[in-house]
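Engineer: Here you go, sequence then predicted model.
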Amino acid sequence: MASRIEDYAMLGNCRSAALVARNGSIDWLCLPRFDSAACFAALLGDENNGRWALAPADPDATCTRQYIDGSLVLETEWTTATGKARVVDFMPFAGEQVGITRIVEGISGRVDFESRLTVRFDYGNTLPWVTSRDDGTLSAVAGPDMMVLRTAVEMEGEGMESVGRFSVGPGDSAPFVMAWGPSHLPVPEPLDPKRALDDSLAYWEAWSNRCNDSGEWSDIVRRSLIVLKGLSYEPTGGIVAAPTTSLPEQFGGERNWDYRFCWARDATFVLSALVNAGYHDEASAWRDWVRRAVAGSPGQLQVMYGLAGERRLEEYELPWLKGYEGARPVRVGNAASSQFQLDIFGELIGAFSHAMKHGVVLHPEADNVQAVFLDHLADIWRHPDEGIWEIRGEPRHFVHSKVMAWLAFARAAEQKREGLDPHYVRRWRSIADEIKADILAKGVDPVRGCFTQSYGSTELDASLLLVTLTDFLPPDDPRIVATVRAIEEDLLVAGFVRRYDTRSGVDGLPPGEGEFLPCSFWLVENYVMLGRMDEARALFERLIGLTNDLGLLAEEYDPRTKRLLGNFPQAFSHVALVNAAFSLAHGYSATADIHATPESTVPQGVRA
Ligand SMILES: OC[C@H]1O[C@H](O[C@H]2O[C@H](CO)[C@@H](O)[C@H](O)[C@H]2O)[C@H](O)[C@@H](O)[C@@H]1O
């Protein structure tokens with residue numbers, strides 16, 4: 001049985017990631033890329049769907065764990081009745097060779113260990129052919145995939161697992177090096193585990209040391225930035241929303257989605273956080289990724305792409321997996337990839353304006369690309385869409401989407417760039433004014449005076465917490481104040497913010513989900529904007545109290561069971577944490593800065 005979501009640690013090498021449970025079992029791993037079929041899928045099924053358990057044989061063993069300074073290298077210290085030992089787990093940076101290295105070291109006394117390796121390719125469905133080669137290498141092959149394990153520990157077949165038993169005392173070290181390779185090629189080259197560990201630690205140390213100081217919250221911010229870095233796919237610069245699929249948004253429910261893709265929306269927030277933290281190289285890599293991914297007809301712009309910009313992300317189900325704690329179906333691919341979500345245009349233009357303001361140089365063609373995209377947006381902004389929450393119900397005129405369309409034209413019209421045709425600027429300004437008038441006429445509740453989820457509705461929506469962070473209206477406008485108040489009244493549950501009332505049927509799914517952590521962090525930023533600093537700080541502290549022992553967050557939280565919910569760790573949550581911490585430290589909203597005019601650093605009208 002899988003562990004609680006918050007009991008997992010993430011290992012990563014900027015190509016893929018693994019989830020290691022507190023009990024030492026690696027229950028999720030996709031190789032060679034984040035979006036490859038899993039070879040360990042016990043997370044969404046059981047041990048027969050693949051996992052690698054490595055822990056003391058003593059069932060009463062206890063452990064503490066931590067990441068080694070500023071890295072994704074995990075150190076677990078085990079204590080048993082007979083001694084102490086540590087396990088160091090990491091994914092080496094070894095170019096095309098991807099895998100996991102685990103080093104067991106004795107500390108005191110003697111500790112008996114057991115390693116149980118169960119490789120199942122194709123998301124736990126395919127049983128490989130396992131052979132022991134003459135050089136002691138164990139290899140598992142099926143179809144296109146090969147996994148090899150090198151270790152001095154003797155491994156034997158037991159049932160459908162490879163099992164090794166050994167013991168360590170002070171000074172002993174038992175390394176295990178597992179690597180993936182295509183099955184038609186020779187086995188991957190051996191890797192020196194000690195050198196691979198030193199290289200990994202050096203890589204992460206160099207990266208972490210470049211992080212700008214973020215004051216009081218530096219440690220938790222740095223951890224979140226490391227997670228974001230770990231979710232980036234180095235060969236292309238794409239950033240996945242999370243390394244998992246189908247961790248449920250409701251226990252036992254069907255809101256189970258594949259997040260191993262690059263969302264333009266999520267990534268624009270990540271870009272801004274990286275720029276704020278001083279990571280211009282990563283921001284530039286992501287900028288290039290977007291330019292390639294969205295190239296072509298603006299009518300074909302997608303909300304998400306594969307790691308290399310792939311466009312076909314068809315959604316299907318894996319019936320052989322019983323789902324995390326029974327939450328079915330398990331889905332691969334994401335049907336939201338073909339949805340129409342109007343907000344994307346404003347988010348992209350806003351993020352690029354923000355990046356330029358902070359010194360990231362745009363491609364010379366950026367002006368042309370922007371003009372073509374805005375021409376397209378001028379034709380489509382009146383259409384209903386599926387919105388930021390990727391609803392699977394009827395498209396609507398979502399207020400957040402319309403404000404983002406306004407933002408795209410407003411920001412473009414304000415950019416002071418040489419050679420920009422004044423005719424364009426006049427046109428963009430006039431369309432921005434037209435959209436604004438439309439929203440103010442149709443998107444405000446006449447009774448409560450707040451913005452609504454969509455035109456003509458009386459429902460609230462937490463995406464409006466992003467609307468209030470733009471300069472669409474000044475922060476002391478009664479409609480802004482009323483919107484924050486109405487969200488507090490309708491969407492705050494146990495002190496956390498939910499996206500919307502799922503009982504309204506707006507999303508076309510059965511009701512019920514956890515509280516959405518990014519929205520809760522946006523409320524922190526709204527409090528900062530409104531000068532409600534005590535409430536901002538209290539909410540932020542409550543939120544960071546939800547991170548697990550390693551500083552990791554999922555997408556949602558269930559206050560009833562006090563458990564994390566949804567895909568894990570989730571970039572959207574971590575980036576919202578970073579921006580909220582930045583806002584608290586600097587007294588103005590970092591997210592508002594993403595949407596601010598090109599010249600201003602602090603958005604107009606925002607109170608410091
Ligand atoms: O709730 C239904 C939708 O949930 C997922 O989307 C959510 O995650 C995205 C990635 O972080 C985020 O950009 C979006 O705003 C969230 O609503 C899922 O990917 C969708 O397929 C699903 O319809």
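Structural biologist: Alright, I've got the coordinates. Numbers count the residues shown, from 1 in each chain.
Engineer: and Leu348, how many neighbours does it have?
Structural biologist: The tally of other residues near Leu348 (other Cβ atoms under 10 Å) stands at 23. No exception for glycine: its C-beta is placed from N, CA and C like everyone else's.
Engineer: Check the one 10 residues further on too.
Structural biologist: His358 is surrounded by 16 other residues when neighbours are defined as other Cβ under 10 Å.
Engineer: Without its sequence neighbours, what residue ends up closest to it?
Structural biologist: Distances taken as Cβ to Cβ, 6 or more residues apart in numbering place Val275 nearest to His358, at 4.6 Å, with adjacent residues excluded.
Engineer: what helices or strands is whichever strand or helix holds the one you found leaning on?
Structural biologist: Here Val275 sits within helix 264-276, counting by DSSP states H and E. Packing contacts for helix 264-276, counted by 3 or more Cβ pairs under 8 Å, 6 or more residues apart in numbering; DSSP states H and E, involve helix 218-230, strand 238-239, helix 280-294, helix 343-357, helix 571-586, helix 590-595.
Engineer: okay, the angle between the fourth one and helix 280-294?
Structural biologist: The one in question is helix 343-357. 140 degrees (axes from the mean of the first three to the mean of the last three Cα atoms, to 10 degrees).
Engineer: Kindly report the same for the longest one.
Structural biologist: With the same axes, to 10 degrees applied, the angle from helix 571-586 to helix 280-294 works out at 140 degrees.
Engineer: how distant is helix 571-586 from the center of its chain?
Structural biologist: Distance of helix 571-586 from its chain centroid, counting by Cα atoms, centre = their mean, to the nearest Å, is 14 Å.
Engineer: How about the fourth one?
Structural biologist: Centre-to-centre, helix 343-357 and its host chain are 19 Å apart (Cα atoms, centre = their mean).
Engineer: just the angle between it and helix 264-276, please?
Structural biologist: Going by the same axes, to 10 degrees, helix 343-357 makes 10 degrees with helix 264-276.
Engineer: near the ligand, anything from helix 343-357?
Structural biologist: No - Helix 343-357 does not reach the ligand (Cβ under 6 Å from any ligand atom); its nearest approach is 9.1 Å.
Engineer: can you list contacts of stretch 18-28?
Structural biologist: 2-3, 7-12, 29, 38, 40-44, 47, 51-55, 63, 65, 74, 76, 87, 89, 91, 100, 243-244, 568 (Cβ atoms under 8 Å, 6 or more residues apart in numbering).
Engineer: and if you look at stretch 523-536?
Structural biologist: Contacts for stretch 523-536 (Cβ under 8 Å, 6+ apart): 462, 465, 468-469, 475, 481, 484, 487-488, 497, 539-540, 543, 579-580, 583-584, 587-592, 606-607.
Engineer: what about the nearest residue to Val221 once chain neighbours are set aside, neighbour count?
Structural biologist: Among residues not flanking Val221 along the chain, Ser214 sits closest, at 4.4 Å (Cβ to Cβ, 6+ apart). As a burial measure, Ser214 scores 22 neighbours (other Cβ under 10 Å).
Engineer: From the ligand, how far off is Ser214?
Structural biologist: Distance of Ser214 to the ligand, given as Cβ to the nearest ligand atom, to the nearest Å: 23 Å.
Engineer: Would you confirm that that residue contacts Ala273?
Structural biologist: No - using Cβ atoms under 8 Å, Ser214 is not in contact with Ala273; the gap is 10.2 Å.
Engineer: residues shared between the contacts of these two?
Structural biologist: Counting by Cβ under 8 Å, 6+ apart, the contacts common to Ser214 and Ala273 are Val578, Phe582.
Engineer: Need the contact partners of the longest helix seen in the chain.
Structural biologist: Ranked by residue count and defined by DSSP state H, the top helix of the chain is helix 422-442. For helix 422-442, contacts defined as Cβ under 8 Å, 6+ apart pick out 371, 374, 378, 381-382, 397, 399, 402-403, 405-406, 409-410, 412-413, 455-456, 472.
Engineer: Please convert the buried members of the residues you listed into PyMOL selection syntax.
Structural biologist: Here is the PyMOL command that picks out the buried ones among the contacts of helix 422-442, judged by 16 or more other Cβ atoms under 10 Å:
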select buried, resi 371+374+378+381+397+399+402+403+405+406+409+410+412+413+455+472
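Engineer: before we move on, back to that, could you dump the helices and strands packed on helix 264-276 into JSON lines and include mean pLDDT?
Structural biologist: Listed next are the helices and strands packed on helix 264-276 as JSON lines, based on pLDDT from 0 to 100:
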{"stretch": "helix 218-230", "mean pLDDT": "95"}
{"stretch": "strand 238-239", "mean pLDDT": "92"}
{"stretch": "helix 280-294", "mean pLDDT": "84"}
{"stretch": "helix 343-357", "mean pLDDT": "84"}
{"stretch": "helix 571-586", "mean pLDDT": "94"}
{"stretch": "helix 590-595", "mean pLDDT": "74"}
